[in-house]
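J.: What shape does this take:
(chains A and B)
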Amino acid sequence: MDSTIEPLTTDDIRGLVRPDHVHRRAYADAAVFALEQERIFGRLWIYVAHESQLKKPGDFVRTRLAAREILVTRHHDGQIYVLHNRCPHRGARLCMVERGSSRLFACPYHAWTFRPDGSLASVPHQKSYPKTFDLADPQNHMQRIAHVASYRGFVFANLGENSGSLADHLGPITDVIDNLVDRAPDGEIEIADSSFTLEYRGNWKLHLENAADVFHPSFVHSSSVTPARNAPANASIIDQDQTREMLLANGFTGNEWEGIELSGLDGGHTYMTSFYNKGVLVHEDSDPVALRYKAALQERLGAERMARVLGMRRFNNIIYPNLVLNAQYQQMRVTIPVTVDRTIVRIHCFRLKGAPDEIFHRAIRFMTTLGSPASMIFSDDVEMLERCQQGLARETGPWIDFSRGLDSDRRGENGSISGAASEMPMRVQFEAWVDCMTREAA
Amino acid sequence: MLPYEIQREIELFVLREARLLDCGQFEAWLELYQTDPLNVASIVYEDHAILAIRVQRLLEARALVLTPMPRTTHLVSNIEVLESNADDYTVAAAFICVEHQGERQRMYSGRQTHQLSRRDGSFRIKLKRVNLINCDGTHSPIAIPL
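T.: Numbers count the residues shown, from 1 in each chain, chains lettered A, B, ... in the order given. Have a look, this model is predicted:
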């Protein structure tokens, strides 16, 4: 890690990114990381919670926003608040659990108690406080983050003072959130109770780049593709061969490879078309569960609209800077930077309300196969992310290459389009990165 | 209380499972499992057929996460037979697994339950459930079965 302490200038930042190369400092310099926390995670709209975690007043979840620890709460009036998890009295962390439901947050130190909107409900022995002490004074409240907005159940917060609207930030990538919610026969989704939390010793951008990369699977995942190819079909009785099909899918055939298209949008959002084409991973008419699901969905959407919703077959959709959604399989990953070389990835899945239970079981299965700490797929990805960081941490060979596809990318209606082999998505992410990092004023 | 011989036999079986994992004898380990087997996600939820893919990956395919190959010590203790019914036993135990790989060492611990069936003069595992004490914590990749 570099010991740079001088603040980085706009020119320093611009100097780290070329059209086809990026300097290793973007991944390994603590000063760059500090600026990212301020100008990317401190100014963009960042996903903090799903409304299905906040069903009734008092429900809350605890998470991170830039370098802060925050609570996302639902107040008695039904409104959602995002609060710093800190008692304004002596500064102690208030809430020590990941999620729960509580009418009040009480600080165990001197028993100040707060409502879910952060306001101070009471202090013991109030007569000993000076006359000027006012329960209603915002200085005595849990500090609120002013900018909070939801898009169809996905709650985002923004620490910036002059943030634009959430809709402006998301732009056309809202279509993946729409698609995820529209796949529910009842028109609503619910986050699963269980999730995984993984930590890797590498920079946060490495995970985003890997999620946008369809070039690596045939190499990185060959150790699970080969045993899956040698295993008999339908030998497992617990998941209709879903796990084996998922492992197999990383060994692309030429045709599958040619069929994949990547898209990059303004603001750094990217997505790829799907490459899972078999078995329970697609809603075949021979699959009785798929038939029941489609019957329920058609009742709400009609045949034509259902065909459009189910026809949107994409794999990873990456909402810049840190949210990875896979609507087709109801999956979500949240990348949370911890230090320049430490990152947490939270892995979730959703239940489509009104769909047969089996559809939810498949989403859980998908999450386990691809996102569990013991995943035969993701564990090999994590190994590569860590090896990249180990190499990037060393002073030698400062530039890394993102040139693949540079000559063949096309311009589409909403941004860039390329084939599977292109590193266009990483270039689009770095364009957004430079844009955020060089904006002096919030 | 169970006759001492049966209690001891079960203990030795559970200890043998731990030894097979530590010696990298993953195929022999898989043979301890009977060939048949939620709305809650488990870190590993696999039947014999999927475990067989996992074992092939451990043995042949040189997975990236297995370079260098981790070394483990599985310690199993506090072995109690909770239920016995004819030739079926439910066995509870506590475990610690220390995993060394390259320059790092990790420790896993928790409780495990085996459902055993007597077969061919030994036992087969119908089901093994491992409850990690940090199951809801933050993990890095777990490569060798616990």
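J.: contacting residues around residue 18?
T.: By default, I'm working from chain A. By Cβ atoms under 8 Å, 6 or more residues apart in numbering or on different chains, the contact list for A:R18 reads A:W399. Just so you know, the C-beta spots here come from the backbone N, C-alpha and C atoms, and that holds for glycine as well.
J.: that answer is for a different chain, and I need it for chain B
T.: Neighbour list for B:A18: B:74-76, B:95 [criterion: Cβ under 8 Å, 6+ apart].
J.: Over to A:V72?
T.: A:48-49, A:53-54, A:60-63, A:80-82, A:155, A:157.
J.: all strands for chain B, in order.
T.: Along chain B, counting by DSSP state E, strands occupy B:71-85, B:88-101, B:104-119, B:122-132, B:138-139.
J.: quick check, the last one touching chain A?
T.: Read that as strand B:138-139. Yes. For strand B:138-139, a contact with chain A is found by Cβ under 8 Å from any Cβ of the partner chain, at B:138-139.
J.: strands paired with that strand, and their directions?
T.: strand A:196-200 (parallel) (DSSP bridges).
J.: CA-only coordinates of the strand it pairs with in PDB, if you can.
T.: Below are the C-alpha coordinates for strand A:196-200, written out as PDB (Å, rounded to 0.1, in the frame of the first residue of the first chain):
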ATOM      1  CA  PHE A 196     -24.300 -14.500   2.600                       C
ATOM      2  CA  THR A 197     -21.500 -12.100   3.600                       C
ATOM      3  CA  LEU A 198     -18.100 -12.600   2.000                       C
ATOM      4  CA  GLU A 199     -15.000 -10.700   2.500                       C
ATOM      5  CA  TYR A 200     -12.000 -10.600   0.100                       C
END
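J.: Which neighbouring elements make contact with whatever helix or strand comes next after that strand?
T.: Going down the chain from strand A:196-200, the next helix or strand is helix A:204-211, by DSSP states H and E. Helices and strands touching helix A:204-211, by 3 or more Cβ pairs under 8 Å, 6 or more residues apart in numbering or on different chains; DSSP states H and E, are helix A:25-28, strand A:314-319, strand A:331-339, strand A:342-352, helix A:378-392, helix A:424-437.
J.: how distant is helix A:204-211 from the center of its chain?
T.: For helix A:204-211, the distance from its own C-alpha centre to the chain's C-alpha centre is 11 Å (Cα atoms, centre = their mean, to the nearest Å).
J.: just stretch A:33-45 next, same as before
T.: Distance of stretch A:33-45 from the chain centroid (Cα atoms, centre = their mean) equals 15 Å.
J.: one step back: could you dump the contacts of B:A18 into JSON lines with neighbour count added?
T.: Putting the contacts of B:A18 into JSON lines (neighbours: other Cβ atoms under 10 Å in any protein chain shown) gives the following:
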{"residue": "B:H74", "neighbour count": "21"}
{"residue": "B:L75", "neighbour count": "14"}
{"residue": "B:V76", "neighbour count": "20"}
{"residue": "B:F95", "neighbour count": "21"}
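J.: buried residues in the helix ranked longest in chain B?
T.: For chain B, the helix that runs over the most residues, judged by DSSP state H, is helix B:4-22. For helix B:4-22, a neighbour-count test (16 or more other Cβ atoms under 10 Å in any protein chain shown) marks B:7, B:9-11, B:13-18, B:20-22 as buried.
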